[in-house]
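Model the structure of this input:
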Amino acid sequence: MSEELEVLLREADRKKAELAEKPELAPEAEEACRERFLYESVYCNNAIEGNQLILEEVERLLKNDEVVAGKSLSDHVSIVGYRDAMLLCDYYVRQDMRISEHEIRKLHYRMLINRQDISGEYRNFNMMIKGHRPTSPEKISYKMLQLVEAKPTEHAHPIETTAFFHLRIEKIHPFADGNGRVGRLLINVMLEQAGYPAVIIKPDDRMEYYQALDAYDGLNGNPQVKPMQVLLAKLVNRRLDELLALQ
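Residues are numbered from 1 along each chain as shown. Below is the predicted model of the structure:
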């Protein structure tokens, strides 16, 4: 483990313990915090993929079913689908459900409501992404089973394990569309099940996020896990700072 990552993980654990000692927010404040996180998360995770709705428009759509003039129907439907997938993730966390292939495919089905022809189904064709060829279709089910059945490395920090899981599922790229959004949803399921707060990868984080994915692709012959682990540790620390500031 690098010194930078070790420091970030120590800080996250210290802040997590500090937050646990704080009194709970009043119900109204807690609900407002959860609602704000939902809107920001839906907006950011779709904006990274090119969705044109801004944060205020996302909030109006989800609160009031308000259609935004001049924005595509596809962008509207993607927002609603991602919101529904987040609610399913909340259920996974509350039930402490083990994340299996079935749960991942169900999450994809719930999210990709504008692509019912492919939602919940593994892709059946080869593809190329920035010079990298993901897992061939005939091996996807096997690789996904390997992924969900893999045991965490002994003594690995939950943030390290979550980052590695995300890198692996993105490299498999099991679906024809929506892999990044599903992968980021699963990050938050894993973090919350381990007692850490859900995070948001914001548009300003996009470059570092994609660089971390590229570092694991191994196109230079040296796949690296640390950049994603460092990024995720930074994001957890940022979210913990935000939650502590509410107290």
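
Could I get the contacting residues of the residue most central in space within the chain?
Nearest to the mean C-alpha position of the chain, by Cα atoms, centre = their mean, lies residue 184 at 1.4 Å. By Cβ atoms under 8 Å, 6 or more residues apart in numbering, residue 184 lies in contact with 45, 166, 201. (Glycine included, C-beta is placed from N, CA and C.)

Would you convert those residues into TSV that also reports pLDDT and distance to residue 131?
Output for those, formatted as TSV (pLDDT from 0 to 100; distance: Cβ to Cβ, whole Å):
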residue	pLDDT	distance to residue 131
45	97	25
166	98	20
201	97	23
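
if we can go back for a sec, just the element for the residue nearest to the centre of the chain, please.
Using DSSP states H and E, residue 184 maps to helix 179-193.

Pull the residues that contact the next helix or strand after that helix.
Using DSSP H and E, the helix or strand that follows helix 179-193 in sequence is helix 206-217. Residues outside helix 206-217 that contact it (Cβ under 8 Å, 6+ apart): 48, 130, 132, 167, 170-171, 201, 223-228, 230-231.

Dump the C-alpha coordinates for helix 206-217 into CSV.
Extracted in CSV, the C-alpha atoms of helix 206-217 (Å, rounded to 0.1, in the frame of the first residue of the first chain):
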residue,chain,number,x,y,z
ARG,A,206,-14.4,12.8,-14.5
MET,A,207,-10.8,13.2,-15.7
GLU,A,208,-9.2,11.5,-12.7
TYR,A,209,-11.9,8.8,-12.8
TYR,A,210,-11.2,7.9,-16.4
GLN,A,211,-7.5,8.1,-15.8
ALA,A,212,-7.9,5.6,-13.0
LEU,A,213,-9.9,3.3,-15.3
ASP,A,214,-7.3,3.6,-18.0
ALA,A,215,-4.5,2.8,-15.5
TYR,A,216,-6.1,-0.6,-14.9
ASP,A,217,-6.7,-1.4,-18.6
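
Tell me how confident the model is about the very next helix or strand once past that helix, as a mean pLDDT.
Note on helix 206-217: by DSSP H and E, the next helix or strand toward the C-terminus is helix 226-245. Taken as a whole, helix 226-245 carries a mean pLDDT of 97.

And the worst-scoring helix or strand of the chain on mean pLDDT, what's buried?
Evaluated with mean pLDDT, DSSP states H and E, the helix-and-strand set of the chain has its lowest mean pLDDT in helix 206-217, which scores a mean of 93. For helix 206-217, the neighbour count (16 or more other Cβ atoms under 10 Å) marks 208, 209, 212, 213, 214, 215, 216, 217 as buried.

With stretch 70-89 instead?
Neighbour-count burial for stretch 70-89 flags 71, 75-76, 78-83, 85-86, 88-89 (criterion: 16+ other Cβ under 10 Å).
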